[in-house]
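Colleague: Following is a predicted model, sequence given first.
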Amino acid sequence: MKNLFLPDINTILALLDQKHIHHHDAHRWLEKSSPAGFLICPHLENGVIRIASQPRYPNFLGTAVTVRVALIRFIAEMGMKRCQNETTLLDDSVLVKPALLTPASIADLHLLAVAVANHAKLATFDKRIQPTAIQGGKKALEIIPVL
């Protein structure tokens, strides 16, 4: 059975931005993994627009409006579906190891929890994520290999 994936912001940027350092790795993973599909949520949409439209972004993709249009097109081309189940890190049945929660890990752990809640895997390049912090997190984390 093919997996359903929730790509993190960096993975979406890598797929969208031809000059991204991991662009080829992301596409190689995409071809190899043959996913059943992709999910998207407002956190990811807003994050991609926020990052890619900043002039400080190394491969500045344009204004927020321009990035928004490109992201809408990308979501349609990828056939991404909206996450149906949301979750919170305030739920002790979700965040089972609160001691692993740090300011730097909040977004990643939240996305991992959203992936679990939607029976998907979080697709990321980030090896620093502590999957044991989230109930079911180990099975729901897909680290994309970098060559």
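Modeller: Here it is on my side, so go on.
Colleague: drop to CA atoms for contacts and neighbour counts, all remaining ones
Modeller: OK.
Colleague: My assumption is that Val69 lies in a strand; please confirm.
Modeller: No: applying DSSP: H, G, I helix; E, B strand; the rest coil, one finds Val69 to be helix, outside a strand.
Colleague: and it, how many neighbours does it have?
Modeller: 12 (other CA atoms under 10 Å).
Colleague: For it, give me the pLDDT.
Modeller: Looking at Val69, its pLDDT reads 97.
Colleague: what residues are up against it?
Modeller: By CA atoms under 8 Å, 6 or more residues apart in numbering, no residues touch Val69.
Colleague: any idea how far Ala117 is from it?
Modeller: 28 Å (CA to CA, to the nearest Å).
Colleague: Tell me which stretches of the chain form helices.
Modeller: With DSSP state H as the criterion, the chain has helices at 9-16, 23-33, 42-52, 64-78, 106-117.
Colleague: Now render those as a markdown table, adding distance to Val146.
Modeller: Below are the helices of the chain laid out as a markdown table (distance: least, CA to CA, whole Å):
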| stretch | distance to Val146 |
| --- | --- |
| helix 9-16 | 12 |
| helix 23-33 | 6 |
| helix 42-52 | 21 |
| helix 64-78 | 22 |
| helix 106-117 | 19 |
